[in-house]
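J.: can't give you the sequence, but here's the structure:
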């Protein structure tokens, strides 16, 4: 009878945490000796950890996290994704009577929509609704925000949040165009994206 051996498992490497430990120690302006003392470790062992020549236990990482005042998970972050950038010149604008709107986030996020709105005086969004809260931050001009019997006038720096499911309208008032940022949670396939 022949017994098959299990296929070789890939060699598992312990996570390399040294770079992150060194980073947070340097950011705190602490010496190896200070951190080793606070974590109750030998300075030589801490040096080995920072140079990925030693693999610390979870207990050791917890002591280091306490000594450096950071969450233990921060030591396990090896690579971070590059930030997503949407350049102003690359944003698409949707024209509408009396104004325009553009997704600042470039439709890169599936869970949030950040929209910049520019509206000429006397024009508005028209009464509409959609699921979820909607957050408004006025960056220029003035707006009359209407939702049912509630009417609020906003100027630069003012903020308003309301339930987007209740029909609402935003109209630029005064002599200058109105500009605002609108932030709301989205659901994949939401027609208002």
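T.: Noted; the coordinates are in hand. Everything numeric in this text was worked out from a predicted model, so none of it was measured.
J.: For residue 86, give its distance to residue 120.
T.: For residue 86, the distance to residue 120 equals 25 Å [Cβ to Cβ, to the nearest Å]. Every C-beta, even on glycine, is put in place using the N, C-alpha and C of the backbone.
J.: Was I right to think residue 176 contacts residue 119?
T.: No. Between residue 176 and residue 119 there is no contact under Cβ atoms under 8 Å: 10.4 Å.
J.: quick one: the strands in the protein?
T.: Remark: strands assigned in the chain by DSSP state E are 93-96, 99-103, 112-119, 133-140, 142-147, 150-154, 159-163, 169-173, 178-185.
J.: got the angle between the last one and strand 99-103?
T.: Going back to what we said before, that points to strand 178-185. 40 degrees (axes from the mean of the first three to the mean of the last three Cα atoms, to 10 degrees).
J.: And strand 178-185, what's buried?
T.: If you call a residue buried by 16 or more other Cβ atoms under 10 Å, then strand 178-185 has these buried ones: 178-180, 182-184.
J.: Give me the contact list for that strand.
T.: 104, 111-119, 121, 130, 132-143, 154, 164, 170, 172 (Cβ atoms under 8 Å, 6 or more residues apart in numbering).
J.: partners of that strand in the sheet?
T.: Strand 178-185 has its sheet partners listed here by DSSP bridges as strand 112-119 (antiparallel), strand 133-140 (antiparallel).
J.: Can you list the neighbours in contact with the first one?
T.: With Cβ under 8 Å, 6+ apart as the contact definition, strand 112-119 has outside contacts at 98-105, 125, 141, 143, 170-172, 177-186, 190, 192-193.
J.: Show me which of those residues are buried.
T.: Listed as buried from the contacts of strand 112-119 are 98-99, 101-105, 125, 141, 143, 170-172, 178-180, 182-184, 186; burial here means 16+ other Cβ under 10 Å.
J.: how many other residues sit next to the nearest residue in space to residue 179 that is not next to it in sequence?
T.: When the adjacent residues along the chain are set aside, residue 179 lies closest to residue 140, with 4.0 Å between them (Cβ to Cβ, 6 or more residues apart in numbering). Residue 140 has 15 neighbours, counted by other Cβ atoms under 10 Å.
J.: and what of residue 67?
T.: Using other Cβ under 10 Å: residue 67 sits among 22 other residues.
J.: distance of it from residue 46?
T.: For residue 67, the distance to residue 46 - Cβ to Cβ - is 10 Å.
J.: Quickly list what's touching both of these two.
T.: In contact with both residue 67 and residue 46: 35, 39, using Cβ under 8 Å, 6+ apart.
J.: distance between stretch 141-148 and the chain's centre?
T.: Remark: stretch 141-148 is offset 28 Å from the chain centroid, using Cα atoms, centre = their mean, to the nearest Å.
J.: Cool, thanks, signing off.
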